[in-house]
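1. Turn this into a model:
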Amino acid sequence: MTIRSAPYRNMWTGAALVAALFAPAASAAGPAKDARSLPPVVELGAGGTPASPSPTREVMADLMQQLDSLQTEVRNLRGKVEVQDNEIERLKSRQRELFSDIDKRVSELEHRGAAPAAAGEAVPAAVATSAPTAQEQQDYDAAFNLLKQGSYDRASKAFKDFIARYPQSSLRGNAQYWLGQTYYVTRHFREAREEFSKVGKDNTDADKSSDALLKVGYSSYELRDWAKARDALGQVSARYPGSAAAKAAEQRLARMKKEGH
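-> The predicted structure is shown next:
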């Protein structure tokens, strides 16, 4: 009996070992198969409510709104710049017209004075000059065109060259005046005052001298040299009473008095 039962015990023991070996694999495979059928995991926030979604979409929406605002602002600024450009061009055009008108007026006065005098009529020394040569006129016009175009640095050099090349030209006074103007419009008031002062010294033409002396006063005013400004403006009013320059000088003197200068 004892001898027969031993093989059966060994058989059952082997079966138990085999079952034990395969049991972990079966248990591991079971949950994996069930996991594929489960719904996705939902994270819960405080109080058991679903957590808020990722903020990426909200951030992108905010950035798009800011970009749209910036684009609108750029368009507005671009429109303002275009308006200002048009206004600047209009002012430049008006300035060119004024320059041409003043130069034409001064040149006509000089040419009128340079014409032959009537019998027994004295010819002022200031206008007893010959008409400019074709080359002189061409060089002067080239410099003046640079001024009208707003090329002030190039115009300044051109007028300096003209004065040096034609010291006896009847257009020298005009060139000297416009040289001062190139400095005045670019706010180089010290240089402008110096050049305008030469106009009065080198010429006795009333219109040219009064305008130049007025600009001496204006330049001194911009330099806050109140004493020289009052002196120059006062001379304009005293020397050329009733002229346009004298009226402008009196207005500036009244303004200085009101400002406490």
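
2. rest of the way, CA atoms for contacts and neighbours
-> OK.

3. any low-confidence regions in the stretch 1-150 of the chain?
-> Where the stretch 1-150 of the chain drops to pLDDT under 70, the residues are 1-55, 82-130.

4. so Ser209 makes contact with Lys198?
-> No: taking Cα atoms under 8 Å as the definition, Ser209 is not a contact partner of Lys198, at 9.4 Å.

5. More neighbours: which of those two?
-> Counting neighbours by other Cα atoms under 10 Å for Ser209 and for Lys198 shows that Ser209 has the greater number, 24 against 17.

6. Show me what the helix or strand hosting that one is packed up against.
-> Using DSSP states H and E, the element containing Ser209 is helix 206-222. The contact analysis (3 or more Cα pairs under 8 Å, 6 or more residues apart in numbering; DSSP states H and E) places helix 206-222 against helix 172-185, helix 189-202, helix 226-239, helix 244-259.

7. Any buried residues in the last one, and which?
-> Residues of helix 244-259 classed as buried under the neighbour-count rule (16 or more other Cα atoms under 10 Å) are Ala245, Ala246, Lys247, Ala248, Ala249, Glu250, Arg252, Leu253.

8. Nearest to Trp226 among these?
-> Nearest to Trp226 among the buried residues of helix 244-259 is Leu253, at 10.1 Å by Cα to Cα.

9. rewinding a little: find the one among the helices and strands packed on helix 206-222 with the highest mean neighbour count.
-> Most buried of those, by mean neighbour count (mean count of other Cα atoms under 10 Å): helix 172-185, with a mean of 24.

10. Specify the angle between it and helix 206-222 in degrees.
-> Inter-element angle recorded for helix 172-185 and helix 206-222: 20 degrees (by axes from the mean of the first three to the mean of the last three Cα atoms, to 10 degrees).

11. May I have helix 172-185 as CSV, with CA atoms only?
-> Output of helix 172-185 as CSV, limited to C-alpha atoms (Å, rounded to 0.1, in the frame of the first residue of the first chain):
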residue,chain,number,x,y,z
ARG,A,172,26.9,138.5,-55.3
GLY,A,173,24.5,140.2,-52.9
ASN,A,174,21.8,137.7,-53.6
ALA,A,175,24.1,134.8,-53.2
GLN,A,176,25.3,136.2,-49.9
TYR,A,177,21.7,136.6,-48.7
TRP,A,178,20.7,133.1,-49.7
LEU,A,179,23.9,131.7,-48.1
GLY,A,180,22.7,133.1,-44.8
GLN,A,181,19.3,131.7,-45.5
THR,A,182,20.7,128.1,-45.9
TYR,A,183,22.1,128.4,-42.4
TYR,A,184,18.9,130.0,-41.0
VAL,A,185,16.5,127.4,-42.2
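
12. so what secondary structure elements neighbour it?
-> Contact here means 3+ Cα pairs under 8 Å, 6+ apart; on that basis helix 172-185 packs against helix 56-114, helix 134-148, helix 152-165, helix 189-202, helix 206-222.

13. sec struct for Gln224, please.
-> Residue 224: Arg, not Gln. Of the three states, Arg224 takes coil according to DSSP: H, G, I helix; E, B strand; the rest coil.

14. Could you check how far it is from Lys247?
-> As judged by Cα to Cα, to the nearest Å, Arg224 and Lys247 stand 21 Å apart.

15. repeat for Glu73
-> Per Cα to Cα, Glu73 is found 47 Å from Lys247.

16. cool, and Ala212?
-> 14 Å.

17. With Thr133 instead?
-> To Lys247, Thr133 is 36 Å away according to Cα to Cα.

18. now do Ser69
-> In terms of Cα to Cα, Ser69 sits 53 Å off from Lys247.

19. Please apply the same query to Asp153.
-> Separation of Asp153 from Lys247 (Cα to Cα): 31 Å.

20. cool, and Phe162?
-> 32 Å.

21. what's near enough to touch Ser219?
-> Contact partners of Ser219, counting by Cα atoms under 8 Å, 6 or more residues apart in numbering, are Tyr184, Phe189, Arg190, Ala192, Arg193, Ala229.
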